[in-house]
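[1] coords please:
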Amino acid sequence: MTNKNLNDNLGNEYFEAGNMFLSKKSPKKIQVYVEGLDDIAFWRVMLMPYENEKRIFEIDVVSLDKMGKTHVLDKIMQNLVENSGGSLVGCVDSDYDYLLENEYTDTEKKGKAQLINSKKYVFQTYTYSTENLKCYAPMLKALCTKITFQDDEKMDFQAFFQKYSTIIYPLFLWNLLFYAKNEHDNYTIENFCKDISINTNEKAEGIEYNNFKNRYHNILDNFKTRIDQKVSEFEQKFSQYVSEIEISKNKLKILGLMPENTYFFVRGHDIFELTTEVIKPVCKELKIIKEYSIRGNGKSDEEKNNNLNAYKSLMNIAYKSHKIVKNKQNQEEIKGEENFNEVIKHALHNNYLFWGCFFFKKLEQKLNIAFR
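    Numbers count the residues shown, from 1 in each chain. As a prediction, the model looks like this:
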């Protein structure tokens with residue numbers, strides 16, 4: 001039997017048996033299965049506060065050739081972890097399963113959602129994915145400060161994402177409805193994500209490019225016209241569903257979905273890309289402001305140059321801590337548009353400044369029930 005096949009058959013009984021051979025003073029080992037390799041770090045941060053002398057977590061994918069939500073849930077089903085004492089748990093992205101458990105017409109989708117929402121030892125993000133939590137708008141200013149070492153109110157990220165969310169909310173309800181009914185021919189998640197994409201580099205007449213607050217809001221005003229047209233098209237073409245859409249609003253509100261926070265439930269990769277594009281020019285501007293300030297405060301040219309070089313050195317160290325990028329001369333430094341973009345993405349990927357988010361608190365509450 002290969003190691004791969006052996007791993008496939010390792011279940012809760014195996015981990016319980018292993019725990020029996022440990023010293024009474026040894027902590028209980030809890031096997032945690034996640035969807036993909038890039039999820040391991042996220043769930044390590046989530047679960048670490050619950051490790052103590054009584055328990056430790058070992059986090060991994062089911063196997064390298066069996067990654068994804070389906071394989072995690074299959075493992076949970078195979079091992080009946082509800083009655084196990086929690087020696088094996090699963091951690092997954094919610095996708096639409098948190099919102100649509102009671103709306104699915106497809107038996108398989110409904111069964112998967114019921115498993116995620118009901119089992120004590122299955123934990124979910126409650127947002128579409130981990131990326132949505134990392135894009136928690138109220139803390140994006142702090143992330144920009146962390147990247148550039150410059151604290152400045154150049155952009156109200158919370159206002160931007162609230163407005164963006166409110167604009168896409170009516171179209172998102174249609175997307176949910178078609179997904180719940182398996183009517184993918186009418187409108188897919190891919191169609192929806194394409195429709196809600198925006199060009200953050202778009203210039204606005206009479207507004208300076210680095211006036212981010214006004215320029216971004218101008219972009220959203222134009223964007224709203226496009227979205228409203230799409231919603232109107234659906235209302236006319238599928239008038240039989242209009243009343244159902246209205247009824248769904250209250251049901252979804254109970255779960256936490258409101259017009260101003262829709263971005264939490266949009267496909268995570270797309271929100272991650274949008275957030276990257278929104279904060280990138282802001283970080284560039286903050287970097288320029290910092291350098292200008294350093295030049296202006298030096299008493300001599302030598303002091304100015306020394307302070308500026310110290311800042312650039314600090315930036316390079318910070319960038320390398322995010323990701324080492326080598327130039328053509330094989331020197332480790334950050335230069336150019338592409339490299340700066342990678343810095344932003346890496347910083348956002350490692351962003352855990354979402355402790356005030358309602359959906360994180362919901363996850364934390366379930367973890368407390370299971371492990372406190």
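[2] Can you verify D60 is assigned to a strand?
    Yes - under DSSP: H, G, I helix; E, B strand; the rest coil, D60 sits within a strand.
[3] show me the contacts for it.
    With contacts taken as C-beta atoms under 8 Å, 6 or more residues apart in numbering, D60 has the following neighbours: 31-34, 40. All C-beta spots, glycine's among them, are computed from the backbone N, C-alpha and C.
[4] And W174, by the same measure?
    187, 231, 234, 238, 241, 245.
[5] Buried ones only from the contacts of D60, please, as a PyMOL command.
    Here is the PyMOL selection string for the buried members of the contacts of D60, based on 16 or more other C-beta atoms under 10 Å:
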select buried, resi 31+32+33+34
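[6] Looking at the contacts of D60, which are in helices?
    The helices in this structure, assigned by DSSP state H, contain I40 from the contacts of D60.
[7] wait, which of the contacts of D60 is closest to K345?
    Out of the contacts of D60, the one with the shortest distance to K345 is I40. That distance is 18.2 Å, counting by C-beta to C-beta.
[8] who's the residue lying closest to the closest one once chain neighbours are set aside bridged to?
    Nearest in space to I40, with sequence neighbours left out and distances taken as C-beta to C-beta, 6 or more residues apart in numbering, is I59 at 5.1 Å. Listed by DSSP bridges, the beta-bridge partners for I59 are V32.
[9] I59 and E108, how far apart?
    When C-beta to C-beta, to the nearest Å is applied, the distance between I59 and E108 equals 27 Å.
[10] Neighbour count for those two, which is higher?
    Neighbours per residue, other C-beta atoms under 10 Å: of I59 and E108, the larger number sits with I59, 20 against 9.
[11] Please tell me I have it right and the more buried one contacts V32.
    Yes - using C-beta atoms under 8 Å as the test, I59 is close enough to V32 to be in contact (4.3 Å).
[12] so what sits against both of those two?
    Any residue near both I59 and V32 by C-beta under 8 Å, 6+ apart counts here, and that gives 43, 47, 91.
[13] what's the burial count for the first one?
    So that's W43. With neighbours defined by other C-beta under 10 Å, the count for W43 comes to 21.
[14] Ok, Y121 next?
    Y121: 22 neighbours (other C-beta under 10 Å).
[15] Just the local confidence number for it, please.
    You'll see Y121 listed with a pLDDT of 92.
[16] separation between it and K361?
    Plainly put, Y121 is 19 Å away from K361 if you go by C-beta to C-beta.
[17] How about H346?
    Going from H346 to K361 by C-beta to C-beta gives 26 Å.
[18] do N297 as well
    Computed with C-beta to C-beta, the distance linking N297 and K361 is 42 Å.
[19] Run through the strands of the stretch 51-200 of the chain in chain order.
    Taking DSSP state E, counting those that start in this stretch as the test, the strands found in the stretch 51-200 of the chain are 55-61, 88-92, 122-124.
[20] Please identify the buried residues of the first one?
    Using 16+ other C-beta under 10 Å as the burial criterion, the residues of strand 55-61 that qualify are 55, 57, 59, 61.
[21] And stretch 174-184, by the same measure?
    Under the neighbour-count criterion of 16+ other C-beta under 10 Å, stretch 174-184 has 174-181 buried.
[22] and of those residues, the nearest to Y292?
    Distances from these to Y292 were compared by C-beta to C-beta; the smallest belongs to N175, at 44.4 Å.
[23] list the contacts for that closest one?
    187, 189, 191-192.
[24] quick one: which two of those residues are the most distant?
    Y187 and I189 (8.6 Å).
[25] Any regions of the stretch 201-350 of the chain where pLDDT drops low?
    Counting by pLDDT under 70, the stretch 201-350 of the chain contains low-confidence residues at 315-338.
[26] Swap in 50 and give it another go.
    Low-confidence segments of the stretch 201-350 of the chain (pLDDT under 50): 322-334, 336.
[27] What of the stretch 51-200 of the chain?
    If you take pLDDT under 50 as the line, the stretch 51-200 of the chain has these spans: 81-82.
[28] how about the helices in it?
    According to DSSP state H, counting those that start in this stretch, the stretch 51-200 of the chain carries its helices in the segments 69-79, 97-100, 107-118, 130-134, 140-148, 157-180, 189-195.
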